[in-house]
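*Asks:* got a structure for you, letters missing:
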DNA sequence: CTCGGCCAATCGATCGATTGATTGACCCTG
DNA sequence: CAGGGTCAATCAATCGATCGATTGGCCGAG
């Protein structure tokens, strides 16, 4: 019944609800249904679990981002596809994305460096698309860094409030945010035909599935 | 040299850098320059310090929000003034705002309830302004809840990257976000004369001032 | 002398991690 | 098939360290 994947799921559930520092390895063991000592048979330790979860999430987003970009050279299309994929990742894996976003400071210096390197790689995709869109005149952007961070924060926030099975479907959330993103950069909406409505993202191994997911986890 | 204000500042500095659960009361005492036992002479305990910081921040934002609203009945003007004030609060008090945002889950049930009540009061201001702007036809909003949360997440994110003395001044950040907000809701820019460029926010008692503020606190 | 401010020492509890031992499934040899 | 050996999987018990909080008393200003 158990194994590394179940441990990662239990960890994501508890880290999202109580935070990394607020979760003990005995909590982790109880949530995963094993003794705390058995954790060390599968994982090297508490921080190693967090690093694995974060790396899996960020690598998933990087892979998706690359898929989103190579479909068209038009910055508007690329931006919408990037946003649609980002939003889908946050909506399909909200707890994993939430933990990946908010527990970076819990990492030791070495692990924090490698995780931040992954995150910077990902965010540079947005930076480059915004730069090219402004250069072509398709985007009207005042301050590029501010717009990039506002856009990313807006998209990252999805994991704070969306839950699978909620009022909006994932494609609906993608539609809303694609529209919001084009508004932010000051370009007309991108026709659905080329904006990547076909983009799908997978449920990550670390994402908890069960109905026990605490509704108040992110309150 | 010490006192409750210094303790709050030390707490905000450490809670932002290491998180609430990751900070011990001995850390707090060291940062404030007193023995950990002396903390209990000024404050009731660790959680009480966090609650005081959060309440001070949220009450400051509520007061500011009310000031922003009563200046005009035009939803576009109200929205821009709300956003300018919110952004200023985040930019002037980034560490306090950051802690207030992200440590809600560390609170016990009773304290979490009262803090969330304050936050809900504040966010309902945005909700009502967005509703009125859509009813008057000034705003083009697809899904009101999604737009509200995207807007709030975008503004809350300022505390993740802005620091006093940074590349942009506070009024410059306000200008950028006022523009982004009107784009998000689909209305024309609001003329500076009525958008509240005069709005100023105070440095909170809990906001650390010194140059020791760790640059990597929110990395 | 009084008393607010302060701290060394200490409380029981819990922390992340390790140890040593037990279990059971599997494989090879006779 | 029987029997010995191997190894992944598991857990109770325990490690030293640290947790939040408390106690009792020292000290200097009024």
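*Replies:* The structure has been received and is ready for your questions. This is a predicted model, so every value here is computed, not measured.
*Asks:* I'd assumed residue A:16 was in contact with residue A:23.
*Replies:* No: look at residue A:23 against residue A:16 with CB atoms under 8 Å: they stay out of range, at 9.7 Å. To be clear about C-beta, it is placed using only N, CA and C from the backbone, and glycine gets the same treatment.
*Asks:* more neighbours, those two?
*Replies:* residue A:16 (25 against 21; other CB atoms under 10 Å in any protein chain shown).
*Asks:* Any figure for the gap between the more buried one and DNA strand C?
*Replies:* Residue A:16 sits at a distance of 15 Å from DNA strand C (criterion: CB to the nearest atom of the strand, to the nearest Å).
*Asks:* cool, residue A:91 as well?
*Replies:* 29 Å.
*Asks:* Repeat that for residue A:18.
*Replies:* For residue A:18, the distance to DNA strand C - CB to the nearest atom of the strand - is 10 Å.
*Asks:* Model confidence for that residue, exactly?
*Replies:* Confidence at residue A:18, expressed as pLDDT, is 96.
*Asks:* For it, list the residues it contacts.
*Replies:* Each residue near residue A:18 by CB atoms under 8 Å, 6 or more residues apart in numbering or on different chains is listed here: A:27, B:21, B:105.
*Asks:* next structured bit after the helix or strand of chain A with the lowest mean pLDDT?
*Replies:* Here the helix or strand of chain A ranked lowest by mean pLDDT, DSSP states H and E is helix A:36-42, holding a mean of 92. Going down the chain from helix A:36-42, the next helix or strand is helix A:46-69, by DSSP states H and E.
*Asks:* so what does that following helix touch, helix or strand wise?
*Replies:* helix A:4-18, helix A:25-32, helix A:75-92, helix A:94-102, helix A:109-135 (3 or more CB pairs under 8 Å, 6 or more residues apart in numbering or on different chains; DSSP states H and E).
*Asks:* I'd like these as TSV, with distance to residue B:90 appended.
*Replies:* Formatted as TSV, the helices and strands packed on helix A:46-69 follow (distance: least, CB to CB, whole Å):
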stretch	distance to residue B:90
helix A:4-18	24
helix A:25-32	33
helix A:75-92	22
helix A:94-102	17
helix A:109-135	20
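*Asks:* Looking at those helices, spot the one closest to residue B:148.
*Replies:* Comparing the helices and strands packed on helix A:46-69 by their distance to residue B:148 (CB to CB), the top pick is helix A:75-92, with 16.1 Å.
*Asks:* Check which helices and strands that closest one sits against.
*Replies:* helix A:46-69, helix A:109-135, helix A:144-156, helix A:158-161, helix A:170-185.
*Asks:* Contacts for the last one next, please.
*Replies:* Here helix A:170-185 makes contact (CB under 8 Å, 6+ apart) with A:76, A:79-80, A:83-84, A:87-88, A:91-92, A:130, A:133, A:139-141, A:147, A:150-151, A:154-155, A:158, A:162, A:164, A:168, A:188-190, A:195, A:197, A:199, B:142-143, B:146-147, B:150, B:180, B:183-184, B:186.
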